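Enquirer: show me how the following folds:
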Amino acid sequence: MGDRLRLAVGVMGDAASLLLFTAPIITFSRVIKKKSTEEFTCVPYIISLLNCLIYTWYGLPIVSYKWENFPLVAINGLGILLEISFIIIYFWFTTARGKASHMKVVAVVILALTVFCITVVISAFVFHDHHGRKVFVGSVGLVACIAMYGSPLVVVRQVIRTKSVEFMPFYLSFFSFAASSLWMAYGLLGHDLFIASPNIVATPLGLLQLILYCKYRKSGITEEPIKWDIEQNAEISKQLQLVTNNNTNCKSSMEGLN
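Expert: The predicted structure is shown next:
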């Protein structure tokens, strides 16, 4: 019964994580449409890539016992593909922001890949049993997971300063909270602290993002309404000018008749 419940929670965790990983599609559709990354940052997606790489490795039989953590491998393997796609799109549309932006993105990606490669090499060749490998890889994954769920907090300062949540997408924050809650339960049911621990920290972080969103969601940028008001006022001015001209013409005509 316990194993079935854990598997069910794992499947729900996969579903929530899938929604979390695909939530940025909305953001990147906007980037592609505007051909600009605007004020969005690539850091959360690079950290998510590192997290997916680490936990895919953690779930494989070389680290875990057989396929006990197969749900981790399934969802994080898909997450790797999605995060790489997002990073490529971001890199492509930072052209207008100059060479410095490109170099920054490349440097952070190289750092993340280096951390992953070092983790793989050490766990595969230094540790010779599943327990040692799980402790080491799980410790690295713990830091990466907390960083992933907390990375949207990079824009929290901007949200508070501008009182706008335009650059803190709701779905990213919501699915972050849902996924971390389910994986926390999955880890606790399996007595796996390396899965449960980071999510115990990540769940309150996701909740904080939702609270901020609820507080500032009505304070978004209102460019379109302002534009509409200007156009509407201009139209009213034209109509008033037309009426004034007609009245003037009528008055002139009557004076001519007199």
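Enquirer: rounded mean pLDDT for stretch 204-223, please.
Expert: Regarding stretch 204-223, the rounded mean pLDDT is 74.
Enquirer: center of this structure, which residue is that?
Expert: Centrality entry for the chain: nearest residue to the mean C-alpha point is Leu172, 4.7 Å, by Cα atoms, centre = their mean.
Enquirer: tell me which helix or strand it sits in.
Expert: If you go by DSSP states H and E, Leu172 is part of helix 170-189.
Enquirer: check which residues of that helix are buried.
Expert: Buried residues in helix 170-189, counted by 16 or more other Cβ atoms under 10 Å: 172-189. Placement of C-beta: from N, CA and C, glycine included.
Enquirer: equivalent analysis for stretch 30-46, please.
Expert: Neighbour count says stretch 30-46 has 31, 37, 40-46 buried, by 16+ other Cβ under 10 Å.
Enquirer: helices or strands up against whichever helix or strand comes after the helix holding Leu172?
Expert: With elements assigned by DSSP H and E, the helix or strand that comes after helix 170-189 is helix 193-216. Judged by 3 or more Cβ pairs under 8 Å, 6 or more residues apart in numbering; DSSP states H and E, helix 193-216 is in contact with helix 130-150, helix 156-162, helix 170-189.
Enquirer: what comes into contact with helix 193-216?
Expert: With contact meaning Cβ atoms under 8 Å, 6 or more residues apart in numbering, helix 193-216 is reached by 58, 69, 72, 134-135, 137-139, 141-143, 145-146, 148-150, 152-153, 156, 159-160, 163-165, 168, 170, 173-174, 176-178, 180-181, 183-184, 186-188.
Enquirer: one step back: list the helices and strands the helix holding Leu172 packs on?
Expert: Identification of packing neighbours for helix 170-189 by 3+ Cβ pairs under 8 Å, 6+ apart yields helix 2-22, helix 24-34, helix 193-216.
Enquirer: chain center to it: distance?
Expert: 14 Å (Cα atoms, centre = their mean, to the nearest Å).
Enquirer: go on, stretch 37-53?
Expert: 7 Å.
Enquirer: give me the contacts around it.
Expert: The contact list for stretch 37-53 (Cβ under 8 Å, 6+ apart) reads 21, 24, 27, 31, 76-77, 79-80, 83-84, 86-87, 90-91, 93-94, 97, 105, 108-109, 112-113, 115-116, 141, 144-145, 147-148, 151-152, 154-155, 158, 167, 172.
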